[in-house]
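need coordinates for the following:
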Amino acid sequence: MVISRGYARGRLRVLKLRRLALAVAVAALGCGLLAGAESPSIGPRELFRLGGIEGRQLEELDRGEPWHEADRQVLRNMLYRIAQDVRPIDLEHWSHGEPNFELLAEQPEAYRAEVFALRGVVEHIEPYELADNPKERGAFSMLWRCRLRLEQGGLVEVFSAKRPRAWKPNEAIAEPAGAMAFFLGHRSSEASGSRAVFLAARMAWYPSTYLGQLGMDVGLLDDVPIQPPPKRNKQGDAPEIDWESRRLTAVDHECFYQMLAAAGRAAPGELSRWAKEGLARQQRTEYSVVPLFNEPHLQQGKLVELTGIAKRILPVRVDEPEVIERFGIDQYYQVYLFTADSQDNPLVFCLRRLPKGLPIGDGPDFGEVLTVPGFFFKTWSYRNATPATDGKVERQLAPLLIGDSAVWHPRRAPAGGPAERLIGTVLLLGILAAVWLLLRRFRRGDREFERRVWRRRPAEMSEIEWDRFGETPSEGSADKAPPGAPGSTNGG
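Predicted coordinates:
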């Protein structure tokens, strides 16, 4: 078959116009959200259509028979469009809530490619290949077929691009889960009969952990990379640190704000109570910071409670309309906490709120004693507030934890009024003068007093050497081992 040049040019113009229309629609959608619009300007079916996925192709997915290669290509195209153009807030705006199966069965064409909120228990998952040749597998070449028993009753099938790593395929499981999923149609089989079928970018996981109970998708932690602490090589050189992977990136964004929102949903004092219950189960009296520094890859999502001096408390303003609308978070606080066993290295807490009256700020004279419960998020590479001597920005590693609030232990103010304090001061000066006169009579005692008291210098704070970083503690001394605080280096 010979294709004329006119046809080829016409087809190319159609493709260009379609891509232009899609770009304009996505741009309008993004601009509307940035402006704080209440809902997207286009719906999911319109978005798919502009991406080249026609209604007749979606209808083919509802034939009730096994999908062929053309159908699988449509699914790959849908997954690509979802990954490129659909954000979590879009799914929330588009969602029809829980599915009404009677309406889906009576009017499938009216709800095809529309979004529904699914919640229930996943009983089984298995891989589903979208590529005929496994050797040619690329992006979106495989889905996870999940059998979900809904809270409202009934079974559905959800084909998801991602699943939590903790779920074991091809085994009977019972994992609390959910998804914001696109309705595809119905599929029938002799064993299970007809079931509604959905397509989702990911399966959310709500296990019986503290974070799961607070409504966080714990599966998001799989997307946040945590590397073991760097160590010296055999030559004893300072370890090379991948500073970029330890920064807060776009990959961490959804997980960070979901964890911050989940911590904010805890009842007052609930995180502290849970943390104390954890200590009781371990038959311990306090949490150590050692694992947070030395074994961060094993601590993700764990709840701890630490007491120390907050030498820096600063508000962080959130300027993202999507975050403000979805989570109600327009500000949170960073608290740099120094504990007795952190050896002058901070742990950074991000908190939804602060105790009433707690000062904020930093500086050499700033310091407030706090007890803070929080969930470990990752090892964070942050910019040091003090630049290097050469003017370059230095970066520092610190455990990053997320919590709701803290308990403040304010210093006691002097008792009595101004007159009482004046009398006390005069009496103290009189006593000191009498002591000085006595010491004048005994020169030897005076020299001994001067040597032992007046000339005593404050003990200098110890520094952590790099070779202690990642050091394996001796048996029975895990809580006493140095946390191996990371140093800093020049970076961008």
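
can you name the residues that contact the residue nearest to residue 103 when sequence neighbours are not counted?
Residue nearest to residue 103 in three dimensions, not counting chain neighbours: residue 111, with 6.8 Å by CB to CB, 6 or more residues apart in numbering. In this view, the C-beta of every residue, glycine as well, is placed from N, C-alpha and C. Contact criterion CB atoms under 8 Å, 6 or more residues apart in numbering gives 96, 103, 104, 183 as the residues in contact with residue 111.

the same query, at a cut-off of 7 Å, please.
Under the criterion of CB atoms under 7 Å, 6 or more residues apart in numbering, the contact list for residue 111 reads 103, 104, 183.

so which of those residues sit within helices?
Among these, the subset assigned to helices under DSSP state H consists of 103, 104.

list buried residues within the contacts of residue 111.
For the contacts of residue 111, a neighbour count by 16 or more other CB atoms under 10 Å gives the buried set as 104, 183.

wait, residue 220 sits on residue 252?
No - using CB atoms under 7 Å, residue 220 makes no contact with residue 252, being 9.1 Å away.

neighbour count for those two, which is higher?
Residue environment comparison for residue 220 versus residue 252 gives the larger neighbour count to residue 220, 24 against 19, counting by other CB atoms under 10 Å.

check what pLDDT the more buried one gets.
Taken from the predicted model, the pLDDT recorded for residue 220 is 97.

list phi and psi for the residue nearest the centre of the chain.
With distances taken as CA atoms, centre = their mean, residue 256 lies nearest the centre of the chain, 2.5 Å away. Dihedral angles phi and psi of residue 256 (degrees, to the nearest 10) take the values phi -60, psi -50.

so residue 376 bridges to which residues?
Beta-bridge partners of residue 376, counted by DSSP bridges, are residue 401.

which parts of stretch 132-150 are buried?
140, 141, 143, 144, 145, 146, 147, 148, 149, 150.

from these, pick the one nearest residue 295.
Comparing those against residue 295 with CB to CB picks out residue 144 as the nearest, at 30.0 Å.

tell me who's in contact with residue 261.
Contact analysis of residue 261 by CB under 7 Å, 6+ apart lists 327, 329.

mind putting the buried residues of stretch 132-150 in TSV, secondary structure included?
Formatted as TSV, the buried residues of stretch 132-150 follow (DSSP: H, G, I helix; E, B strand; the rest coil):
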residue	secondary structure
140	coil
141	coil
143	strand
144	strand
145	strand
146	strand
147	strand
148	strand
149	strand
150	strand
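
now tabulate these in TSV and tack on pLDDT.
Output for those, formatted as TSV (pLDDT from 0 to 100):
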residue	pLDDT
140	86
141	89
143	95
144	96
145	96
146	97
147	97
148	97
149	97
150	97
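
thinking again about what came up before, what's the distance between the residue nearest to the centre of the chain and residue 245?
Distance, residue 256 to residue 245, using CB to CB, to the nearest Å: 15 Å.

repeat that for residue 89.
With the distance defined as CB to CB, residue 89 ends up 27 Å from residue 245.

show the contacting residues for the residue nearest to the centre of the chain.
In this structure, residue 256 makes contact with 248, 377, judged by CB under 7 Å, 6+ apart.

which of the residues in stretch 46-59 are buried?
Taking 16+ other CB under 10 Å as the neighbour-count basis, stretch 46-59 is seen to contain the buried residues 47, 48, 49, 50, 51, 53, 57, 58.

same question, stretch 359-370
By neighbour count, with 16+ other CB under 10 Å as the criterion, the buried positions of stretch 359-370 are 367, 368, 370.

can I get that stretch in CSV, CA atoms only?
Listed next in CSV are the C-alpha coordinates belonging to stretch 359-370 (Å, rounded to 0.1, in the frame of the first residue of the first chain):
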residue,chain,number,x,y,z
PRO,A,359,9.8,31.2,71.3
ILE,A,360,11.0,30.8,67.8
GLY,A,361,14.4,31.8,66.5
ASP,A,362,18.1,30.7,66.6
GLY,A,363,21.5,32.1,67.5
PRO,A,364,24.2,31.4,70.1
ASP,A,365,22.0,32.3,73.1
PHE,A,366,18.8,30.6,71.8
GLY,A,367,17.9,27.2,73.4
GLU,A,368,14.6,25.6,74.6
VAL,A,369,14.3,22.2,76.2
LEU,A,370,11.7,20.1,74.3
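
could you pull out the helices for the stretch 301-450 of the chain?
For the stretch 301-450 of the chain, applying DSSP state H, counting those that start in this stretch gives helices covering 321-327, 418-441, 443-449.

mean pLDDT lowest for which of those?
Set side by side, those differ in mean pLDDT, and helix 443-449 is lowest with a mean of 45.

these two touch, right, residue 97 and residue 118?
No - here residue 97 does not reach residue 118: they are 10.1 Å apart, not a contact under CB under 7 Å.

more crowded one of these two?
When residue 97 is set against residue 118 and neighbours are counted by other CB under 10 Å, the residue ahead is residue 118, at 26 against 8.

partners of the more buried one in the sheet?
Bridge pairing for residue 118 (DSSP bridges) gives the partners residue 179.

residues in contact with it?
With contact taken as CB under 7 Å, 6+ apart, residue 118 is in contact with 148, 150, 156, 158, 178, 179, 181, 198.

and the fifth one, how close does it get to residue 204?
Using CB to CB, one gets 5 Å for the distance from residue 178 to residue 204.

try the last one
When CB to CB is the yardstick, residue 198 and residue 204 sit 13 Å from each other.

likewise the third one?
Computed with CB to CB, the distance linking residue 156 and residue 204 is 15 Å.

return the helix or strand in this structure with minimum mean pLDDT.
strand 488-490 (a mean of 42; mean pLDDT, DSSP states H and E).

which SSE is residue 194 in?
With the criterion set as DSSP states H and E, the secondary-structure element containing residue 194 is strand 193-200.

so what's residue 128 up against?
Applying CB under 7 Å, 6+ apart, one finds that residue 128 lies in contact with 142, 143, 144, 145, 159.

confirm it sits in a strand?
Yes - secondary structure of residue 128, determined by three-state DSSP: located in a strand.
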